[in-house]
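1. sequence unavailable; structure follows:
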């Protein structure tokens, strides 16, 4: 059982934080990917990939670092947004769900590594992301 993070772990975690920031802002270059005020981004893909590659623990930590970086004010959220006011955004539920998505995806893959497990874990991660995110959005629009 490893207790610390290796240099490669920190490098990969930083890379995934950067990929999340780039994936969030893809709509800045392709504006027709905003539907009903909700940007269609590559973040779900990168959150699932982080869980699959980094594992449950480091994948979840990486997604938490991404969320905290955005809340601290770095323009890493969609439309180059960031800051504490993002908590009130209807799409903030998706940002929170990335942590759980990466964790569950990584945990499923850690149990058994095979192609069907990778596919199943990715699909379950996507369902978690959209169920959590859309419910948050529904509540935000209702309240």
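-> Ah, there it is. It should be emphasised that the depicted structure is a prediction, and the values quoted were computed from it without experimental measurement.
2. can you give me the strands in the chain?
-> Secondary structure of the chain (DSSP state E): strands located at 34-35, 38-39.
3. can you put those strands in TSV and add distance to residue 116 and mean pLDDT?
-> For the C-beta atoms, the positions are set from N, CA and C on the backbone; glycine is no exception. Formatted as TSV, the strands of the chain follow (distance: least, C-beta to C-beta, whole Å; pLDDT from 0 to 100):
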stretch	distance to residue 116	mean pLDDT
strand 34-35	32	81
strand 38-39	31	78
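4. pick the most buried one from those strands.
-> strand 38-39 (a mean of 18; mean count of other C-beta atoms under 10 Å).
5. what strands flank that one, and is each parallel or antiparallel?
-> Partner strands for strand 38-39, per DSSP bridges, with pairing direction: strand 34-35 (antiparallel).
6. and the one residue sitting closest to the centre of the chain, how far from residue 7?
-> The residue lying closest to the centre of the chain (C-alpha atoms, centre = their mean) is residue 98, at 3.2 Å. Applying C-beta to C-beta, to the nearest Å, the value for residue 98 to residue 7 is 24 Å.
7. quick one: low-confidence residue ranges for the chain.
-> 1-3 (pLDDT under 70).
8. any idea which of the strands of the chain gets closest to residue 16?
-> strand 38-39 (19.2 Å; C-beta to C-beta).
9. run the chain-centre distance for the closest one.
-> 15 Å (C-alpha atoms, centre = their mean, to the nearest Å).
10. please apply the same query to stretch 60-70.
-> The answer for stretch 60-70 is 8 Å, by C-alpha atoms, centre = their mean.
11. which parts of the longest helix along the chain are buried?
-> Ordering each helix of the chain by length in residues (DSSP state H) puts helix 115-142 first. By 16 or more other C-beta atoms under 10 Å, the buried positions in helix 115-142 come out as 118, 121-122, 125-126, 128-129, 132-134, 136-137.
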